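Student: sequence first, predicted coordinates after that:
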Amino acid sequence: MMAGISGGGQSTRTGSACNGQVGDKPFQHSIFMKKILVILMLLSSALGLRAQGSISDPFFNHGQARSLNSRIIAPLQPVPGFVNQAIAGMRVSNNRNLVRLAHLKDDYGYAVWDQAKTFTAAGRQTALIPMVRPEDDAITGILVAVKDGATFRYGVMDTGTPFPYASAATGTPGMPGMRDVLALSVLFNRTLFGEVDCDLVQALRALSNNNVRGQTAGSPKSCYVQTTYAGQNCDHIYGTYPDGTMQYLYSDCYDIYNYSFICDTDSADNDDGGSGGGSGGSGGGNGSSGPGEGDNESFCESLDVHKCTTTRVLSTVPSGIHGSCSIVCRLSGCGFQSNVFLQPNGIAGCGFSIGTGSGHGISISLDFTVSIQNLYTNSYINSVSTLDSDCRVSSICGDFFCSYDVVISWIGIPYIWERNSAELSNICYTCRNCQ
Amino acid sequence: MKNQSFFIFALLAFILVSACKTSENNRESVLDAKRMEVEALVAKYSSENLAGPVNWQQFNAALKDEAVLEQMNTAQLEACLKSMTAYSNNIILENRKNGCDQLQEKIKSYTGQELKEFLEANKDLRASCDSLNKAYSSGFQKALEPCKGVLGASVERNK
């Protein structure tokens, strides 16, 4: 999948012809006209060559992928200068580039140029550019562009062919492998589409050397990847060229990011169903293995820091008589799930009565029952940070927003009591086994 | 003589039972008429209620106890229905008029970080909708006032 092609400039050799004799005016005039004609021909030829020398295709438009895929949520960014150079290299009109362009469009879709990750490795600038099909919600592959001297080399890493580097034995040190491709795909998917293909996460977990724990029953309902900058690391990338030989492409230090996968499963409310850990570099670094089961499990269990939930009162609806109903939000689990309900008696049991008789002996009464309707909630994680790696205790922080109507029903008649919305920022709680 | 007094007692018992039955029939017909009156009132105000239709199953359950119906002050009930309907409708109409309903609909179409950006971009409208709703909800106690006398007394308690 990795092939080298070169993109370079065109050169034009110019010459002159002088067959006339000096002093012969009509002849001089004729020679002058011929010179003009030759210059014009050369100019038009040069212009023609320039027009032929650049491939004109919407594929190279910065916004083409976004215009064909409305699911991309990553904010539009300026296209890095180096990526523009890589685009120019691909636009050079030669058979290899034309074949490659058709191959890219047919097999991978379009490049989201503005989301490229660029870095320098051993003096070689490199760009990783995610590829998407129109209206798909996952990337199809990652276009790799490496500037080797004056030449650009291009290749594609893809999840469908996790070992594209066929001529290198699996497990060769420094070789990008399935884990790297998967990790980068997960990172790009998260950036572009907000969510992660759970199958990729499962595949990454399966590849983890030291898996945190087995996947609980059932497939994850949804997964998120949390990334944090973890410093720099060094790695090596190899490529296979059209003649089948494998060649070292680049090797250098680059930024790496820790990533953790947070999946909601069908298991208990406060259980994320396990997660994997590792690191994926922007240059395709080898992932590190996740933390293993601790020996001091009982000690960790005894820690009172993993309730994995927090409760906040969003508003209080005064009955004005003998107390009030509170609208409460509970955030819980590794996935930051939210639950909004009424206290003290649950979603439909909060309220008051009017009746006859004294305070000690109410004989008859009519109930006013408070409930929450038209509830809309939105919660998402801002950060997951490790507090105790031995006990796998982490702090989960996120934002929450909700809107709802407080409805009071009396003898079967509903009345809107209050319309409300609430916003909570950076709410944190601690959990175990989320990373 | 013995037969004569037995006859008198039987006659008196018959008259007493008949009188009770008539009284019971009268009470039932009075309650039926009152139930119809209450139903008509509830139906009338329900048709004006923008919060939704009445749940007749809950209505019947609430009025199952004849003592409640007997005790109910229909004039006070109408005042209560009028007041609560006006209060609830006002909130709904003011939300519509000020673009708060539209804002809510738009909010529901966003999730995650996108929602955060949308909320930030519309913070002024959100603030005005919040203050509008807070201003109205403080008037609930006043709207509830006529309802307190529906059963004649004004005793309230938590459910």
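Tutor: Happy to help now that I have it. Numbers count the residues shown, from 1 in each chain, chains lettered A, B, ... in the order given.
Student: buried ones in stretch A:329-345?
Tutor: A:329, A:331-343 (16 or more other C-beta atoms under 10 Å in any protein chain shown). Placement of C-beta: from N, CA and C, glycine included.
Student: wait, I meant stretch B:97-112
Tutor: B:100-101, B:103-104, B:107, B:112.
Student: so which of the buried residues of stretch A:329-345 also contact chain B?
Tutor: When contact is defined as C-beta under 8 Å from any C-beta of the partner chain, the buried residues of stretch A:329-345 do not meet chain B at all.
Student: nearest to A:Ser394, of these?
Tutor: Nearest to A:Ser394 among those: A:Cys334, at 8.4 Å, using C-beta to C-beta.
Student: how about residues contacting the helix or strand where A:Ala88 lies?
Tutor: Using DSSP states H and E, the element containing A:Ala88 is helix A:81-91. By C-beta atoms under 8 Å, 6 or more residues apart in numbering or on different chains, the residues outside helix A:81-91 that reach it are A:6-7, A:54-56, A:60, A:97, A:100-101, A:113, A:116, A:118, A:125, A:127, A:129, A:145, A:147, A:151-152, A:154.
Student: stretch A:399-406 now?
Tutor: With contacts defined as C-beta under 8 Å, 6+ apart, stretch A:399-406 is touched by A:314, A:317, A:327, A:329, A:331, A:336, A:338, A:340, A:370-380, A:382, A:416-427, B:104, B:107, B:115-116, B:119, B:137.
Student: how much space separates the residue in chain A that chain B sits nearest to from A:His62?
Tutor: Nearest residue of chain A to chain B, counting by C-beta to the nearest C-beta: A:Gly412, 3.3 Å away. Distance, A:Gly412 to A:His62, by C-beta to C-beta, to the nearest Å: 60 Å.
Student: and B:Leu81, by the same measure?
Tutor: 62 Å.
Student: least trustworthy helix or strand in the chain by mean pLDDT?
Tutor: Defaulting to chain A. strand A:277-281 (a mean of 33; mean pLDDT, DSSP states H and E).
Student: that's the wrong chain, I meant chain B
Tutor: Lowest by mean pLDDT, DSSP H and E among the helices and strands of chain B is strand B:155-158, with a mean of 49.
Student: count of neighbours near the closest residue to A:Phe193 other than its chain neighbours?
Tutor: Leaving aside its sequence neighbours, A:Phe193 sits nearest to A:Asp137 (C-beta to C-beta, 6 or more residues apart in numbering or on different chains; 5.1 Å). Neighbourhood size, A:Asp137 [other C-beta atoms under 10 Å in any protein chain shown]: 16.
Student: kindly report the same for A:Val328.
Tutor: 17.
Student: next one: A:Ile55
Tutor: 15.
Student: give me the low-pLDDT residue ranges for the stretch 251-400 of chain A?
Tutor: Scanning the stretch 251-400 of chain A for pLDDT under 70 picks out the ranges A:251-306, A:318-324, A:344-363.
Student: now do chain B
Tutor: In chain B (pLDDT under 70), the answer is B:1-2, B:18-25, B:27, B:152-159.
Student: where along it do the helices fall?
Tutor: B:2-48, B:56-62, B:66-71, B:74-97, B:100-108, B:112-121, B:123-137, B:140-144 (DSSP state H).
Student: could you check the second one and say which residues are buried?
Tutor: The neighbour-count criterion (16+ other C-beta under 10 Å) identifies B:58-59, B:62 as the buried residues of helix B:56-62.
Student: how about CSV for those, with distance to chain A added?
Tutor: Shown next, in CSV, are these (distance: C-beta to the nearest C-beta, whole Å):
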residue, distance to chain A
B:Gln58, 3
B:Phe59, 4
B:Ala62, 4
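Student: the residue nearest to A:Phe193: what secondary structure?
Tutor: coil (DSSP: H, G, I helix; E, B strand; the rest coil).
Student: which pLDDT value goes with it?
Tutor: A:Asp137 carries a pLDDT score of 85 in this model.
Student: and A:Arg96, by the same measure?
Tutor: 78.
Student: helix or strand: which one has it?
Tutor: A:Arg96 belongs to helix A:95-107, assigned by DSSP H and E.
Student: do A:Cys428 as well
Tutor: strand A:413-432.
Student: name the strands paired with that strand and say parallel or antiparallel.
Tutor: strand A:393-410 (antiparallel) (DSSP bridges).
Student: tilt between the strand it pairs with and helix B:112-121?
Tutor: 60 degrees (axes from the mean of the first three to the mean of the last three C-alpha atoms, to 10 degrees).
Student: B:Leu81 and A:His62: who's more crowded?
Tutor: Set B:Leu81 next to A:His62 and count neighbours by other C-beta under 10 Å: B:Leu81 wins out with 25 against 16.
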